[in-house]
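Student: what's the 3D shape of this:
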Amino acid sequence: QVQLQESGPGLVEPSQTLSLTCTVSGVRITTSTYFWSWIRQPPGKGLEWMGYITYSGSTYYSPSLKSRTSISRDTSKNQFTLQLSSVTPEDTAVYYCARSRAKPGPRLPRYEYDYWGQGTQVTVSS
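Tutor: Residues are numbered from 1 along each chain as shown. A predicted model of the protein is given here:
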C-alpha cells in the first residue's frame, strides 16, 4: 500500500526557508515509473504545482517559484524534501506531496496524481 506523509514545521518566519519532507512507503522513489511532486493550496485559492523530482533525481520547478525552490531526496530513507527560501505570508498554504505517472506541471489535472499525502499547513508569520 502506497502512502505519502508530509512533515515539517507549521510556522515559519518571513524571510526564512521553509523545509518539508515527504516520506514515502509502499514503493521506492527510485522506481522508474513515477514522478514525485510538491503542490500547495493557499487559503481560498486553487492548487499550485511547485515542482517535481524524478526517479533518477532530476528536478523541474514552476517558473514562478524556480528562483526560491529546491527539491532533493534521500533514497536511503525513501524521502524527498522541499525547500522554499525567502518566504513571505503569501507562501502560507497547505502543502502536499504527490505521485504521478504522467509528467507533472501546472496543467496536469488533479486526477493524474494517484497518491497524495494528507497535507500539512504551513503559516508564514512573525
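
Student: alpha carbons only for contacts and neighbour counts from here, please
Tutor: Will do.

Student: tell me which stretches of this protein form strands.
Tutor: 3-7, 11-12, 18-25, 35-41, 48-54, 59-61, 69-74, 79-84, 93-100, 113-116, 120-124 (DSSP state E).

Student: let me know the outermost residue of this structure.
Tutor: Ser126 (23.3 Å; Cα atoms, centre = their mean).

Student: against Tyr61, how distant is the residue nearest the centre of the chain?
Tutor: Taking Cα atoms, centre = their mean, the centroid of the chain lies closest to Trp38, which sits 1.9 Å from it. Applying Cα to Cα, to the nearest Å, one obtains 10 Å for the distance of Trp38 from Tyr61.

Student: and for those two, which residues touch both?
Tutor: With contacts taken as Cα atoms under 8 Å, 6 or more residues apart in numbering, Trp38 and Tyr61 have 50-52 as neighbours in common.

Student: for those residues, which one is nearest Thr31?
Tutor: Comparing the shared contacts of Trp38 and Tyr61 against Thr31 with Cα to Cα places Tyr52 closest, at 14.4 Å.

Student: for the closest residue to the closest one other than its chain neighbours, grab the count of nearby residues.
Tutor: Closest residue in space to Tyr52, ignoring its immediate chain neighbours: Ser37 at 4.1 Å, by Cα to Cα, 6 or more residues apart in numbering. Applying other Cα atoms under 10 Å, we find 29 residues neighbouring Ser37.

Student: let me see the contact set for Ser37.
Tutor: Taking Cα under 8 Å, 6+ apart as the test, what Ser37 contacts is 49-53, 97-100, 104.

Student: confidence score at the nearest residue to Arg101 once chain neighbours are set aside?
Tutor: Leaving aside its sequence neighbours, Arg101 sits nearest to Tyr34 (Cα to Cα, 6+ apart; 4.8 Å). You'll see Tyr34 listed with a pLDDT of 94.

Student: got it, and Arg110?
Tutor: The predicted local confidence for Arg110 is 89.

Student: against Gln79, how distant is it?
Tutor: Distance from Arg110 to Gln79, by Cα to Cα: 22 Å.

Student: these two: which is more packed in?
Tutor: Gln79 (19 against 13).

Student: does the closest residue to the more buried one other than its chain neighbours have beta-bridge partners, and which?
Tutor: Closest residue to Gln79 apart from its sequence neighbours, by Cα to Cα, 6+ apart: Thr23 at 4.5 Å. Using DSSP bridges, the bridge partners assigned to Thr23 are Gln5, Gln79.
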